[in-house]
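Asks: sequence first, then the predicted structure, then my questions.
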Amino acid sequence: MAVKPTYLTFTPSDSPDVNGYNFYLEESPNPVDVETSQKWDLGNPPVEADGKIKYDLSTLDGMTTKDGIYNIGLSAYDEVGNESSLMLINDVALDFVAPNPPSDGAIIRG
């Protein structure tokens with residue numbers, strides 16, 4: 001079974017002291033909340049040639065494998081742990097589940 005990568009892309013913070021980014025996830029219609037939402041530390045991924053960061057969500061340990069509509073939050077943090085406000089992306093359709101295989105195959109000679 002092969003599932004295509006699902007990339008989050010974003011323009012990095014322009015603050016010079018950014019040490020990394022936090023990714024938050026909630027199943028819609030629940031709003032993202034830094035205190036209660038599922039959270040992953042993305043570290044400080046490299047910036048691509050187009051000036052954006054591109055991160056494969058399917059590589060996150062413990063990431064949902066359930067198809068659905070989700071609300072996403074993203075923040076930047078500095079070395080001492082100060083965290084920015086959230087950039088929100090709401091009502092995103094995520095598809096991590098491959099379809100079932102075909103069935104009842106046969107070879108017919110005629």
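Replies: Okay, I see it. Numbering: from 1, shown residues only.
Asks: gap between residue 95 and residue 54?
Replies: Separation of residue 95 from residue 54 (C-beta to C-beta, to the nearest Å): 18 Å. In short, each C-beta sits where N, CA and C put it, glycine included.
Asks: same deal with residue 104?
Replies: On the measure of C-beta to C-beta, residue 104 and residue 54 end up 40 Å apart.
Asks: for these two, indicate the residue with more neighbours.
Replies: residue 54 (14 against 4; other C-beta atoms under 10 Å).
Asks: residues touching the residue nearest the centre of the chain, list them.
Replies: When C-alpha atoms, centre = their mean is applied to the chain, the residue found nearest the centroid is residue 57 (3.8 Å). By C-beta atoms under 8 Å, 6 or more residues apart in numbering, residue 57 lies in contact with 5-8, 23, 63, 94.
Asks: need the max-distance pair from these.
Replies: 5 and 23 (14.9 Å; C-beta to C-beta).
Asks: these two: who's more crowded?
Replies: residue 23 (21 against 10).
Asks: and that one, how close does it get to residue 8?
Replies: 7 Å.
Asks: shared neighbours, those two?
Replies: Common neighbours of residue 23 and residue 8 (C-beta under 8 Å, 6+ apart) are 55, 57, 72, 74.
Asks: can you tell me which of the contacts of residue 57 are in strands?
Replies: Among the contacts of residue 57, the ones falling in strands (DSSP state E) are 7-8, 23, 94.
Asks: got a winner among those for most neighbours?
Replies: Ranking the ones in strands among the contacts of residue 57 using other C-beta under 10 Å puts residue 23 first, with 21 neighbours.
Asks: now the contacts of residue 57 in JSON lines, with pLDDT?
Replies: Listed next are the contacts of residue 57 as JSON lines, based on pLDDT from 0 to 100:
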{"residue": "5", "pLDDT": "86"}
{"residue": "6", "pLDDT": "89"}
{"residue": "7", "pLDDT": "93"}
{"residue": "8", "pLDDT": "95"}
{"residue": "23", "pLDDT": "98"}
{"residue": "63", "pLDDT": "86"}
{"residue": "94", "pLDDT": "90"}
